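A.B. asks: Turn this into a model:
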Amino acid sequence: QVQLVDTGGGLVQPGGSLRVSCEASGLYIGLYAMGWFRQAPGRERESVAAISRSGSRTYYADSVKGRFTISRENTKNTGYLQMSSLKPEDTAVYYCAVRWTDLDDDVRVVHYDYRGQGTQVTVSS
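C.D. replies: Numbering: from 1, shown residues only. This next block holds a predicted model:
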């Protein structure tokens, strides 16, 4: 059974930092491109960042570029999203998703095969 578990969310003050994690089981993430999405109430889902299966290529939405860093440890079957200089508008449920690919530098995760359950990130003073 494939499962992606998102953890690490919480309440943080504006300007603060937080790292969310995505631990996979039932599959080897080294065969999948990985992405992080967020969904806020009343807003469309947003693709925040993505990373190729080898980690050689990354993608960031303009809204988070320079503040967020996506990474992965295939040996631990885990992906991460390090968030810094957080703003109230970053408040959302964050979830990871993976898409199988046979290309080491493929970062496309618009459509995915599996996703995590999400973790709430709230940025507020």
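A.B. asks: any idea how far the most centrally placed residue in the chain lies from Trp100?
C.D. replies: Closest to where the C-alpha atoms of the chain average out (CA atoms, centre = their mean) is Trp36, at 2.5 Å. Look at Trp36 and Trp100: by CB to CB, to the nearest Å, they are 17 Å apart. Just so you know, the C-beta spots here come from the backbone N, C-alpha and C atoms, and that holds for glycine as well.
A.B. asks: which residues does Pro41 contact?
C.D. replies: The contact partners of Pro41, by CB atoms under 8 Å, 6 or more residues apart in numbering, come to none.
A.B. asks: Where does it sit: helix, strand or coil?
C.D. replies: State at Pro41, reduced to three classes by DSSP: H, G, I helix; E, B strand; the rest coil: coil.
A.B. asks: what about it, distance to Thr91?
C.D. replies: Distance, Pro41 to Thr91, by CB to CB: 9 Å.
A.B. asks: for Ala61, same thing?
C.D. replies: The spacing between Ala61 and Thr91, counted by CB to CB, is 15 Å.
A.B. asks: Of these two, give the one with the bigger neighbour count.
C.D. replies: A direct count of neighbours by other CB atoms under 10 Å for Ala61 and Thr91 places Thr91 higher, at 18 against 15.
A.B. asks: That one and Val121 touch, don't they?
C.D. replies: Yes - using CB atoms under 8 Å, Thr91 is in contact with Val121, at 6.4 Å.
A.B. asks: can you give me the strands for this structure?
C.D. replies: Under the criterion DSSP state E, the chain contains strands at 3-7, 10-12, 18-25, 32-39, 46-51, 58-60, 68-73, 78-83, 92-100, 114-115, 119-123.
A.B. asks: The second one pairs with which strands?
C.D. replies: What that stands for is strand 10-12. In the sheet, strand 10-12 lines up against strand 119-123 (parallel) (DSSP bridges).
A.B. asks: do the fifth one as well
C.D. replies: The pairing partners recorded for strand 46-51 under DSSP bridges are strand 32-39 (antiparallel), strand 58-60 (antiparallel).
A.B. asks: now the first one, how far from the chain's geometric center?
C.D. replies: Distance of strand 32-39 from the chain centroid (CA atoms, centre = their mean, to the nearest Å) equals 5 Å.
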